[in-house]
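Novice: here are the coordinates; sequence isn't available:
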């Protein structure tokens, strides 16, 4: 494990070094909202908590071409898009990097690894800023993620007073640190890491329970889901912003003799998500779709992958227009169980 | 290789089975379609329209074309019904698990189909009949809404009944003027036939409601849950366990299914 110190005043030079061989993204403030965008020389807006969008904008874009086609009924030629180029994302919070690791378990699973995601993941360097302060909606510790978590990151920066401790987590991270060697001091500062490791994050009792999955399955058919459905608008914002939601749809568009098959984010909260031709729908009600989301994240994904499909980033809680945040819903269900 | 990019294929022939079912014979233009097992599916697509997961109704043999029996139901299948021989389609697969045929060797087999649900069963019936000596009796029970909705008539009324040790019983929900056969829904018809459950594996596919009542009938007839198999379909987009659409609890129909034993189904939430 390689550790280095970076004086705070050299952070901009370090970023420029990253931008030399790749498109560089990071959090920037746009009209009062912090978003991950191409930095383009702007200083990153590193604030407690997370930008509104997650890294999936850069690893599984909201829409992308699977292939283009051209021809007619009896003659068709397909063309696949060019391979993605290198990108680096700076100022990622540990939970978002852990989310990539979770999503990769599904999208990279063989024998049908998601080729587009695989190529992008291989061309992406993740530079994570460990947290010294929790954001207003954060609850990472309740789902087994730490404010100093290195999973999914290539380099973790631990902020201290006057400098950052830089830790290379992967071989790619190591080569980043080597290429930026001129700005770095080979010293260590174990205190910087320890500080982040002990950053206080609110703990949510209802989420933290070890038997959470079993307790959720026990209330799977409880009428309280109907009560939640009365409040939910079905807008799907929670799923689009969630860094561990990966559902997508495929769709064709045509202009004359040319067309494109694309993939785009989809949401289990949408009415036609599982509606079949012929009218059968295994998730026919809003209540059944809300239940699907919670059970998938906290019981069924863990049953297969051993970890929650939730990293406690807090986006769903900060964004839901009717305040149906995960922690609150679980607390309500705990009341029902009591 | 991007698993979401299909092979371009050509429709070689189209057979009109019923007023809303057509069977398409399809062959990829380039490399052969990979070998597939009975019960597996493929994503069939029309460029500019979209994709649909369809069970492969043919039985694999070297250098043979694929067959898909498609009921006109939604956007993609309606467009397919407008297609003509020579038109290009996309095909990718094969996907999913398959019927555990090797587990059935030495046993009697009972196939119970309803409507277009005979399409996936046809693949495994023909596979088993191709290995005739390895199985005991092969009994086929099939029903459709009306006589004109019966699929695979040639096999139902000519080739399968002629196979030694095989039987075919056909029923319809509602008769027409010419129908002289039984008139009954499949589940009660099956119970009247009283098939012997001892040492028999049962396989069923049809509309969701027919599957539900057939599973109940098989239980009453004494078939244990681990000797009853069905094949499910749910809405699918990717077909390769990524897009999330077809999950039932922790399972995906596209990669963990579509074939499930009744015992496996009972361990899953009733979201299918």
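Specialist: It's in. Predicted, not measured: the structure shown is a model, and the values here were computed from it.

Novice: so which residues of the chain form strands?
Specialist: Because you didn't say which chain, this covers chain A. With DSSP state E, the ranges of strands along chain A come out as A:2-7, A:23-30, A:33-38, A:63-72, A:75-79, A:87-92, A:124-129, A:155-159, A:163-168, A:248-255, A:258-265.

Novice: that was the other one, I meant chain B.
Specialist: B:7-18, B:21-28, B:41-46, B:50-55, B:66-71, B:88-95, B:108-114, B:138-144, B:166-172, B:200-205, B:228-231, B:247-248, B:251-252, B:259-261.

Novice: list the contacts of the third one.
Specialist: Just to be clear, that refers to strand B:41-46. A:261, B:6, B:24, B:26, B:33, B:36, B:51-56, B:66, B:68, B:70, B:76, B:79-80, B:83, B:89-96, B:120, B:236, B:239, B:254, B:258 (CB atoms under 8 Å, 6 or more residues apart in numbering or on different chains). C-beta: built from backbone N, CA, C; applies to glycine.

Novice: pull out the buried positions in stretch A:212-222.
Specialist: A:212-213, A:215-217, A:219-220 (16 or more other CB atoms under 10 Å in any protein chain shown).

Novice: next: stretch A:149-165.
Specialist: So for stretch A:149-165, counting by 16+ other CB under 10 Å, buried means A:149-160, A:163-165.

Novice: next: stretch B:9-29.
Specialist: B:9-11, B:14, B:17-18, B:20-28.

Novice: and for the closest residue in space to residue B:35 that isn't next to it in sequence, the neighbour number?
Specialist: The shortest distance from residue B:35 to any non-neighbouring residue, by CB to CB, 6 or more residues apart in numbering or on different chains, is to residue B:60 (5.2 Å). Applying other CB atoms under 10 Å in any protein chain shown, we find 17 residues neighbouring residue B:60.

Novice: distance of residue B:60 from residue B:203?
Specialist: Plainly put, residue B:60 is 18 Å away from residue B:203 if you go by CB to CB, to the nearest Å.

Novice: how many other residues sit next to residue 253?
Specialist: Using chain A. Neighbours of residue A:253 using other CB under 10 Å come to 12.

Novice: I was thinking of chain B, sorry if that wasn't clear
Specialist: The tally of other residues near residue B:253 (other CB under 10 Å) stands at 28.

Novice: might one say that it is in contact with residue B:235?
Specialist: No - with contact defined as CB atoms under 8 Å, residue B:253 and residue B:235 do not form a contacting pair (9.4 Å).

Novice: overlap in contacts, the two.
Specialist: residue B:246.

Novice: in stretch B:61-69, what's buried?
Specialist: Under 16+ other CB under 10 Å, the buried positions of stretch B:61-69 are B:65-69.

Novice: ugh, wrong one, I meant stretch A:320-338
Specialist: In stretch A:320-338, residues buried by neighbour count (16+ other CB under 10 Å) are A:320, A:324-327, A:329-330, A:332-334.

Novice: now do it: everything it contacts.
Specialist: A:137, A:139, A:142, A:204-207, A:212, A:215-216, A:218-219, A:222, A:224, A:228, A:231-233, A:235, A:237-238, A:290, A:294, A:297-298, A:310, A:314, A:316-318.

Novice: so how far is that stretch off the chain centroid?
Specialist: In this view, stretch A:320-338 has its centroid 22 Å away from the chain centroid, taken as CA atoms, centre = their mean, to the nearest Å.
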